[in-house]
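Chemist: Fold the following for me, if possible:
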Amino acid sequence: MGTKKRGNGQGSVYKMKNGKWRAEWTIGYKMDGSRISKRKGGFSTKKDAMKFLESEKSQPSYESINIQEVYKIISADIEKLSKDKQRAYDIAYRRIRPIWFRDISDIRIPELQHIVDTAPGDFYPKRDIKALLRKIFRYAVANDWVQKDYASYIKLPKCPEPKKETYTDIDIAIMWKNYNLFSVDSVERVILGGALIMIYTGMRTGERLSAKKKDIHVNERYMACGIKTSAGKQRHIPIAKKILPIVSELLLKCTERLIPLSENQFYERYKETMCSIGVSSLTPGCCRHTFNTNMARAGIQPAIIQRASGHRSYQTTLGYTHIKIDDILSAVDKL
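Modeler: Okay, here's the model as predicted:
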């Protein structure tokens, strides 16, 4: 097999057993120092292979761009995210400081995995680091600065079981008091109204965000905006008597969606509002846990709780349980 070697980093061409010629050149190095090469064969003559190699080597090289430079480029997109997400990525970026000035083309999976494994914290901060690195590498791949998204191969620790925290009766009482104190047009009143609706209906966060004016049936006291089941039918979410005034007020003000805030707006203002009134710093999802817990405390039949909250895992069982909306309304009115 004939071979023509050139200077270091310039590549080489050689003849294969089938008589064709192949070009080979270095594009980077692994963590152990070994070369990463690229090859292209099928050339009829050595001259053709050399010509191709020269053209390939003459292409602009972006291999010198480092992690920090890519991060600065994608920062514009990160700034469009919620404040909580921005904070998470900012912390994650500080955790990858050891590779800030490394050429992105030189970084491989073992080094990225080490960054994540040695980072402080449990699953969630490590997940944020991986998410940030994936953003960086995906952008680099799109610009041909790296061959693949090596960050996608990072392994995370097992995600802990989420704690089903709930709001206390005192928390709920504080929400009611402050809901009535805030002005009708205030964002805080909308936030607290949304929270109380979830606490007394068991709505999922996605259901609250998607609830539209046309879905609300005040006279019949239900909302037809439940997440669709496998059977394609929407869950009827009961409206307890206590929250009828809240729902009615929101209906008067809304043009399409019941809660006139985007997902990011609601989440950002939710925590601020709860902290400002001295309520436990929980997530909106905890409102749903509070509903299920309080229904159980009130002695409501499990089948009714399952139907009211729309637990998917009990769908088959509920198919054999004949429960009317009146039964669920009677249950939620006990809260």
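
Chemist: all helices for the stretch 1-150 of the chain, in order.
Modeler: 46-57, 67-78, 83-95, 109-117, 123-142 (DSSP state H, counting those that start in this stretch).

Chemist: Need the winner for burial among the ones you listed.
Modeler: Ranked by average neighbour count under the criterion mean count of other C-beta atoms under 10 Å, those are headed by helix 123-142 at a mean of 19. (Each C-beta comes from the backbone N, C-alpha and C, glycine too.)

Chemist: what does whatever helix or strand comes next after that one rub up against?
Modeler: Sequence order places helix 169-181 as the next helix or strand after helix 123-142, per DSSP states H and E. Helix 169-181 is contacted by residues 167, 188-189, 192-193, 195-196, 199, 246, 277-280, 290 when judged by C-beta atoms under 8 Å, 6 or more residues apart in numbering.

Chemist: mind running it again at 10 Å?
Modeler: Applying C-beta atoms under 10 Å, 6 or more residues apart in numbering, the external contacts of helix 169-181 come out as 166-168, 186, 188-193, 195-196, 199-200, 242, 245-246, 273-274, 276-280, 282, 286-287, 290, 294, 297, 335.

Chemist: What is the distance between the next helix or strand after it and the centre of its chain?
Modeler: For helix 169-181, the following helix or strand on the C-terminal side (DSSP H and E) is helix 187-201. Offset of helix 187-201 from its chain centre (C-alpha atoms, centre = their mean, to the nearest Å): 23 Å.

Chemist: And the average pLDDT for helix 187-201 is what?
Modeler: Per-residue pLDDT over helix 187-201 has a mean of 93.

Chemist: counting contacts, what elements does it pack onto?
Modeler: For helix 187-201, the elements it packs on are helix 169-181, helix 205-210, strand 222-223, strand 237-238, helix 244-253, helix 263-276, helix 285-297, helix 325-332, judged by 3 or more C-beta pairs under 10 Å, 6 or more residues apart in numbering; DSSP states H and E.

Chemist: hmm, try it at 6 Å
Modeler: Using 3 or more C-beta pairs under 6 Å, 6 or more residues apart in numbering; DSSP states H and E, the elements in contact with helix 187-201 are helix 169-181, helix 263-276, helix 285-297.

Chemist: Columns mean neighbour count, distance to residue 153 and mean pLDDT on top of those, output as JSON lines?
Modeler: As requested, these are arranged in JSON lines below (neighbours: other C-beta atoms under 10 Å; distance: least, C-beta to C-beta, whole Å; pLDDT from 0 to 100):
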{"stretch": "helix 169-181", "mean neighbour count": "15", "distance to residue 153": "43", "mean pLDDT": "95"}
{"stretch": "helix 263-276", "mean neighbour count": "17", "distance to residue 153": "30", "mean pLDDT": "86"}
{"stretch": "helix 285-297", "mean neighbour count": "20", "distance to residue 153": "30", "mean pLDDT": "85"}
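
Chemist: Out of these, the one nearest residue 89 is which?
Modeler: helix 263-276 (14.3 Å; C-beta to C-beta).

Chemist: What is that closest one packed up against?
Modeler: Counting contacts by 3+ C-beta pairs under 6 Å, 6+ apart, helix 263-276 is packed against helix 187-201.

Chemist: can we see that at 7 Å?
Modeler: Here helix 263-276 touches helix 83-95, helix 187-201, going by 3 or more C-beta pairs under 7 Å, 6 or more residues apart in numbering; DSSP states H and E.

Chemist: Show me the shaky parts of the chain.
Modeler: The chain contains residues with pLDDT under 70 at 1-10, 27-37, 57-64, 162-163, 226-235, 311-328, 331.

Chemist: All good on my end, thank you.
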